[in-house]
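**Student:** predicted model, plus sequence, below.
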Amino acid sequence: MIGRLNHVAIVAPDLAQATATYRASLGAEVSEPLDLPDHGVTTVFVNLPNTKIELLHPLGEDSPIAKFLEKNPAGGIHHVCYEVEDIIAARDKLEADGMRVLGDGEPRTGAHGKPVLFLHPKDFVGTLVELEQV
Ligand code: CO
């Protein structure tokens, strides 16, 4: 059901430093920081030949990643995002299998303007999973 790995999201306590690490030390193609107020994050996209890394930093008061950074002050992997062709069909199959979809279960518009859902880490080997319809 799942397709390509769309991105791995990494929370960075210092976005400028993380950007420099990927751009200068790892030699990756890195975007300018982009504020996404609806998502409570500032993000930098790192384009790799086969996938993307998204460097995330909290934006605003109620950022969904603020708590993660409190627990992981050095930063760390926040979620992985897999592509699906039909997000509703994917959700219905997973729910039928007893997997937990976060929130109200309805897809939201993600950072790339496409429908996304998040799945409970306890059902997926301790990893927060995002599904994105492509
Ligand atoms: Co994501």
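**Tutor:** That came in fine, so what should we check first?

**Student:** only C-alpha atoms from now on, for both contacts and neighbour counts.
**Tutor:** OK.

**Student:** residue contacts, residue 81?
**Tutor:** Contact partners of residue 81, counting by Cα atoms under 8 Å, 6 or more residues apart in numbering, are 5, 6, 7, 8, 9, 129, 130, 131, 132.

**Student:** in strands, which of the residues you listed appear?
**Tutor:** Counting by DSSP state E, the members of the contacts of residue 81 that fall within strands are 5, 6, 7, 8, 9, 129, 130, 131, 132.

**Student:** burial check on the last one, number of neighbours?
**Tutor:** When you say that, I think you mean residue 132. Each residue near residue 132 was counted by other Cα atoms under 10 Å, and the total is 29.

**Student:** so in terms of bridging, what pairs with it?
**Tutor:** When bridges are taken as DSSP bridges, the partners of residue 132 come out as residue 83, residue 116.

**Student:** need the contact list for it.
**Tutor:** The neighbourhood of residue 132, defined by Cα under 8 Å, 6+ apart, consists of 6, 81, 82, 83, 84, 87, 110, 114, 115, 116, 117.

**Student:** try the first one
**Tutor:** Residue 5 makes contact with 51, 80, 81, 82, 83, according to Cα under 8 Å, 6+ apart.
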